[in-house]
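Enquirer: no sequence on this one, just coordinates:
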């Protein structure tokens, strides 16, 4: 209700903002629009951009082989279902066959199946080749996607045309967050808030409570929680803290002179989806490729080390990391059945992460993220936030794969089995892919460093 009031105070109530309010009433928290080209229709599908960046905008289900493609070409494309609903004056109606189609060859993403089985679907508009149509998306925390399309002469389209020059773009999408904030630019508001927090100096450790008020927090991992509380971020349905559409990431540094990060950034922690690890289990994997604990802990087998595409076999595990089905020169996936693999000297696959699973993990990344450095002092725990922040926009799983192929992103596991020789061994899993903070920008299409000094 506060956002609606802000819109009224600023005199920005328009047919477009009313549409966004209607989407919000059905649960949407992020809002995007796409101008439809003549070929954006039910026959030719709706183009959602080159690369796979659209996957970080549109929530979707697992990426699967598209068995409807021509015989012998199943690997040429994949699909992912979307919980899509058309919104009109009567409410929402599901489009049960809506899906994203991934074309690695180009690469690009398109949307199809959005009319089949959908009562009250806008058939005439989505079968049309008319210029000036606009398709609006409302993204809900539970993964639902609300859609609404208008013709060029609709009052909503005219309001959109008037607002469009001031809106941020993410690929083929226009981000409508600014309209939800009464005309306030989200990026400028974020920077103003971070500048204010930097100016406060040392801040007592806190965490936003369920009631929406900050509460003291005594554990030593409060840097992110304290920043969220200062930004007024309440827990929501997204995996990461969100401020006006920006993912907020805090990281510890040694000082506010060099701004050197204390540790690498953990990008994702997916369990292997293939190889011995998956086929015979973690215990069998550790017994074949693990090594005795170096600190002398009895009956413990470890599996660690750094595995990068440019490195040879690890001296203790006998494994090396490689990418299959990815063309380094073009930055394209050539085989969706490929992935990241750990190979032994006999070319046996010890563990692997298929591209479909990697895509699913990476789609949880926000399209926009800010990285904020922090210092901590203890006791009591207090945090101070730096004057230099990094804004990154436009991530894509293809950028991740390119970084893995260049060894910028590497595998850094911490897997172990304790009481290995007993009847009740204890297994700890930690498969993580990491990157040095100073090369994070390689994972985004755009990066900007802003200083408050």
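Expert: Received the coordinates, thanks. The shown structure was predicted, so the numbers you read here are calculated from the model rather than taken from an experiment. Residues are numbered from 1 along each chain as shown.

Enquirer: Can you pull out the low-pLDDT segments for the chain?
Expert: The chain contains residues with pLDDT under 70 at 1-12, 67-75, 235-241.

Enquirer: What are the structural domain limits within it?
Expert: Using automatic domain parsing, the domains assigned to the chain come out as 2-180, 186-453.

Enquirer: May I see those arranged in CSV, with mean neighbour count as well?
Expert: (Each C-beta comes from the backbone N, C-alpha and C, glycine too.) CSV is the format used below for those (neighbours: other C-beta atoms under 10 Å):
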stretch, mean neighbour count
domain 2-180, 18
domain 186-453, 17
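
Enquirer: got a list of contacts for stretch 107-123?
Expert: For stretch 107-123, contacts defined as C-beta atoms under 8 Å, 6 or more residues apart in numbering pick out 42, 45-55, 58, 82, 84, 86, 88, 90, 93-103, 126-127, 147, 149, 332-333, 398.

Enquirer: and what of stretch 20-27?
Expert: Residues from elsewhere that reach stretch 20-27 (C-beta under 8 Å, 6+ apart): 3-4, 7, 28, 31, 85, 87, 91-92, 136, 138, 140-142, 144, 146, 148, 176, 179-180.

Enquirer: Give me the residue at the spatial middle of this protein.
Expert: Centroid-nearest residue in the chain, with C-alpha atoms, centre = their mean: residue 365, separated by 1.2 Å.

Enquirer: what about residue 207, helix or strand, and which?
Expert: For residue 207, the host element (DSSP states H and E) is strand 206-208.

Enquirer: Determine the set of other helices and strands touching the helix or strand just after that strand.
Expert: Heading C-terminal from strand 206-208, the first helix or strand you meet, by DSSP H and E, is strand 214-216. On a contact count with 3 or more C-beta pairs under 8 Å, 6 or more residues apart in numbering; DSSP states H and E, strand 214-216 meets strand 206-208.

Enquirer: surely residue 186 meets residue 246?
Expert: Yes. The pair residue 186 / residue 246 is scored as a contact, 6.6 Å apart, by C-beta atoms under 8 Å.

Enquirer: on contacts alone, who are the packing partners of the lengthiest helix in the chain?
Expert: Longest helix in the chain by number of residues (criterion: DSSP state H): helix 186-199. The contact analysis (3+ C-beta pairs under 8 Å, 6+ apart) places helix 186-199 against helix 223-231, strand 242-243, strand 246-252, strand 368-377, strand 382-385, strand 388-395.

Enquirer: Can you show me the helices along the stretch 1-150 of the chain?
Expert: With helices called from DSSP state H, counting those that start in this stretch, the stretch 1-150 of the chain shows them at 2-9, 15-25, 123-127.

Enquirer: starting at the chain centroid, how far to the last one?
Expert: Pointing back at helix 123-127 there. Centre-to-centre, helix 123-127 and its host chain are 31 Å apart (C-alpha atoms, centre = their mean, to the nearest Å).

Enquirer: What of the longest one?
Expert: On the basis of C-alpha atoms, centre = their mean, the separation between the geometric centre of helix 15-25 and that of its chain is 25 Å.

Enquirer: now swap in stretch 180-199 and tell me
Expert: Worked out by C-alpha atoms, centre = their mean, stretch 180-199 lies 22 Å from the chain centre.

Enquirer: Tell me which residues are up against it.
Expert: Residues contacting stretch 180-199 (C-beta under 8 Å, 6+ apart): 3, 6-7, 9-10, 12, 17, 20, 24, 31, 168, 175, 177-178, 203, 227, 230-231, 243-246, 370, 372, 384-387, 389, 391, 450, 452.

Enquirer: Next secondary structure after the longest helix of the chain?
Expert: Per DSSP H and E, the first helix or strand lying C-terminal to helix 186-199 is strand 203-204.

Enquirer: Please tell me how far the closest residue to residue 66 other than its chain neighbours sits from residue 438.
Expert: Nearest residue to residue 66, sequence neighbours excluded (C-beta to C-beta, 6 or more residues apart in numbering): residue 79, at 4.5 Å. To residue 438, residue 79 is 37 Å away according to C-beta to C-beta, to the nearest Å.

Enquirer: cool, and residue 429?
Expert: Distance of residue 429 to residue 438, given as C-beta to C-beta: 29 Å.

Enquirer: try residue 24
Expert: 39 Å.

Enquirer: And residue 65, by the same measure?
Expert: From residue 65 to residue 438 the distance is 38 Å (C-beta to C-beta).

Enquirer: can you check residue 34 too?
Expert: For residue 34 relative to residue 438 (C-beta to C-beta), the value is 34 Å.

Enquirer: What segments of the stretch 301-450 of the chain are strands?
Expert: Ranges of strands within the stretch 301-450 of the chain are 320-324, 326-327, 332-333, 339-343, 349-354, 368-377, 382-385, 388-395, 409-411, 415-418, 426-428, 433-435, 444-451, based on DSSP state E, counting those that start in this stretch.

Enquirer: Please produce TSV containing those strands, extended by distance to residue 281.
Expert: Conversion of the strands of the stretch 301-450 of the chain to TSV gives the following (distance: least, C-beta to C-beta, whole Å):
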stretch	distance to residue 281
strand 320-324	21
strand 326-327	28
strand 332-333	29
strand 339-343	15
strand 349-354	11
strand 368-377	36
strand 382-385	41
strand 388-395	33
strand 409-411	19
strand 415-418	11
strand 426-428	9
strand 433-435	22
strand 444-451	37
